[in-house]
Each structure stands twice: as C-alpha cells, then as structure tokens.
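Undergrad: Here you go, sequence then predicted model.
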Amino acid sequence: MADSTTSRVSFTLDSSLDSVNKVELTAEQVAQRAGFDEDTTTHVAMAVREAAVNAVLHGNAYDPSKHITASFETTSDSLIIRVSDQGPGLDPDTIPDPLAPENILRGSGRGIFLIRAFMDEVHFRQLHPGTELTLIKHRQPAQPGN
C-alpha cells in the first residue's frame, strides 16, 4: 500500500545526450525530495548519469531507433532507480578494473566503478536485447541528536 513516502515515475527516451541530461536532472530532484543530503543527492545524480551514458553510448550506440528507459521509485526504505537500454547486453564480469595499472590512464571505463562507489546496491539484468541496471540508495533513519 502506497504512503506519503512512496512514489514512482518512469520515462522512455531517445538515445541522446539530451536524454542523459533529463535522467540526471530527474535523479537529482527525486533524491532531494526523498530527503537525501546535498552530497548524497549529487552522488546519486552522478551515478544515474553514468548509467544513462552507458545505456545511450555503449548499449544503444546512439542508434535513433533504440530507446532507454529510466524509472525512479521512492519507498520508505530506499530510492530505487532502473536504467535500461536495447543494446547487445553487458556482462559486468567482463568490465576491466579501472584501478588496474594497465587501465589507470584510459579515458573511459570508470562509469560502473563510480556507480558502485556511489550507490548502496547495483544489480545487472539481461533483457535480451538490452541491459537493465538497478541502482539502490537506502534511506537512513535520522540519528538521535542530529
């Protein structure tokens, strides 16, 4: 049963940087409304931007016939964000470690690393075609004395 702390919004968008910007802005607004502090809100927005960039660039390869979807759900416990593409799919185990010496100077390859660093949980699901990333940030109860 929905209560005042539960909400959901979703979009289907073109494979473009404008869509990435819309998804990032929505993530920032939803995180603020969910009561996250400024730093956490920024981290959530950055993680979602990385997921959307990966969907548009790596998943759909900017193909105008393919779309990305993004959904934002706020529950009493968590902010749950899903970003999916219609690309060939992604096996997260094949992503090179961006901290390995041979990858330190690479200009790309840090998106999933950042997503995992900023979010509490990250899950990958193969859609055939496509990949769905689920990003979860838990809502922490207020600490006494704060």
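TA: Nice, I can see it.

Undergrad: Just checking, which helix or strand of this protein averages the lowest pLDDT?
TA: In the chain, no helix or strand scores lower on mean pLDDT, DSSP states H and E than helix 111-118, which sits at a mean of 92.

Undergrad: Could you name the helices and strands sitting against that one?
TA: helix 38-53, strand 121-126 (3 or more CB pairs under 8 Å, 6 or more residues apart in numbering; DSSP states H and E). In this view, the C-beta of every residue, glycine as well, is placed from N, C-alpha and C.

Undergrad: hey, which of the ones you listed is tucked in deepest?
TA: Most buried of these, by mean neighbour count (mean count of other CB atoms under 10 Å): helix 38-53, with a mean of 21.

Undergrad: Just give the closest residue to the residue most central in space within the chain, not the sequence neighbours.
TA: With distances taken as CA atoms, centre = their mean, residue 48 lies nearest the centre of the chain, 3.1 Å away. Distance criterion CB to CB, 6 or more residues apart in numbering; nearest residue to residue 48, sequence neighbours excluded, is residue 27 at 3.7 Å.

Undergrad: Give me the local confidence score for the one you found.
TA: Here, the pLDDT recorded for residue 27 equals 98.

Undergrad: Please report how far it lies from residue 128.
TA: 26 Å (CB to CB, to the nearest Å).

Undergrad: So residue 71: helix, strand or coil?
TA: At residue 71 the chain is in strand, as set by DSSP: H, G, I helix; E, B strand; the rest coil.

Undergrad: For it, list the residues it contacts.
TA: 8, 9, 10, 11, 81, 82 (CB atoms under 8 Å, 6 or more residues apart in numbering).

Undergrad: neighbour count winner among residue 27 and residue 128?
TA: The neighbour comparison of residue 27 against residue 128 (other CB atoms under 10 Å) goes to residue 27, with 26 against 7.

Undergrad: pretty sure that one is in a helix, no?
TA: Yes. Using three-state DSSP, the assignment for residue 27 is a helix.
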